[in-house]
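**Student:** let me see the structure of the following:
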Amino acid sequence: MSDAMPGIVLCGATGRTGNAVAHALAARMDVRVSALVAPSVASTPSRALPEGVAAFATLAEALDVVAESAVIVDLTHADAAVKHLELALGRGHHVVVGATGFAPGAIEALGEQFAAAGLGCFLVPNFSIGAVLAMRAARDMARHFPDVEIIETHHDGKRDSPSGTAVHTAQMVARARRDAGREPGPGAASAGTGHGRGESIEGVPVHALRIPGATAHQEVVFGAPGEVVTIRHDAIDRSCYAAGVVAAVAHVSDVRGLEIGLEHVL
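**Tutor:** Numbers count the residues shown, from 1 in each chain. Below you'll find the predicted structure:
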């Protein structure tokens, strides 16, 4: 393990994603999990935690015992993440945020406070290396194929819809399309109007499915006369997010204020 790599305080350690990431990180030799945080630790953890790692019911308790250089990784949900960000700001810790679904302007306002404090707030809609590379490919495609729609599928317990990944992908695609001087195709005009046409995010139709048995899946579908191109990513096991978490933790100490997207690291 590199001496330069800070310890990790992982919030949401008993959630679907947080628990898988906690176990994957604990099994690695190149990182140190300093503490795990989950409310159910106060009684019986709702999912088994890695052995040998200190666990706390609240972030405040964890920060009382970890080094000042520790990075907080938040894999909870928007409401809890806002409280954790405010606490991290007051205690002087950089934060990597995996939660999505924030109220409009909330994360941007906190980012300004982090910048003023000289701290990093790195928001990562998706920690999967494969998913981020798929988003990059979609961005490149959008420069040449302006007609595009996104279909994302997650488990039926996911709180936000559409997913943060789909929103971020749509924004990347829309930006690339604008930079190339391309206009959305005629089909985009009906997005968000009902009739099964999904939600329009910067002119990109996004369709969200929430079904049992799913993990995290996304298709970005491009069309042009005579051809259709589909870029698809499937997260089969949530442990795939661990590599992205490590990359984000290594990067966040160089961030001041809010930065969004793992593509800045890869």
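
**Student:** which residue ranges form the helices in the stretch 51-200 of the chain?
**Tutor:** Here the stretch 51-200 of the chain has its helices, by DSSP state H, counting those that start in this stretch, at 59-63, 78-91, 106-116, 129-142, 164-179.

**Student:** and of those helices, who's closest to S239?
**Tutor:** Comparing the helices of the stretch 51-200 of the chain against S239 with Cβ to Cβ, the closest turns out to be helix 129-142 (12.4 Å). All C-beta atoms are positioned from the backbone trio N, CA, C, and that covers glycine.

**Student:** mind listing what's buried along that closest one?
**Tutor:** By neighbour count with 16 or more other Cβ atoms under 10 Å, helix 129-142 contains the buried residues I129, A131, V132, A134, M135, R136, A138, R139, M141, A142.

**Student:** isn't the last one up against D179?
**Tutor:** No - the pair A142 and D179 fails to qualify as a contact (Cβ atoms under 8 Å) at a distance of 9.2 Å.

**Student:** circling back to that earlier point, want to throw the helices of the stretch 51-200 of the chain into TSV with distance to G98 and mean pLDDT?
**Tutor:** What follows is the helices of the stretch 51-200 of the chain, written out as TSV (distance: least, Cβ to Cβ, whole Å; pLDDT from 0 to 100):
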stretch	distance to G98	mean pLDDT
helix 59-63	15	97
helix 78-91	8	96
helix 106-116	12	97
helix 129-142	12	97
helix 164-179	9	96
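
**Student:** which one of those lies closest to R47?
**Tutor:** Relative to R47, the nearest member of the helices of the stretch 51-200 of the chain by Cβ to Cβ is helix 78-91, separated by 16.4 Å.

**Student:** and the protein, what are its domains?
**Tutor:** The chain breaks down by automatic domain parsing into domains covering 8-123+238-264, 129-235.

**Student:** need the winner for burial among the ones you listed.
**Tutor:** Highest mean neighbour count among the domains of the chain (mean count of other Cβ atoms under 10 Å): domain 8-123+238-264, with a mean of 19.

**Student:** between the two ends of it, how far is it?
**Tutor:** One end of domain 8-123+238-264 to the other measures 20 Å (Cα to Cα, to the nearest Å).

**Student:** cool, and stretch 186-204?
**Tutor:** By Cα to Cα, the extent of stretch 186-204 from end to end equals 11 Å.

**Student:** show me how far that stretch is from its chain's centre.
**Tutor:** Relative to its parent chain, stretch 186-204 has a centroid offset of 24 Å by Cα atoms, centre = their mean, to the nearest Å.
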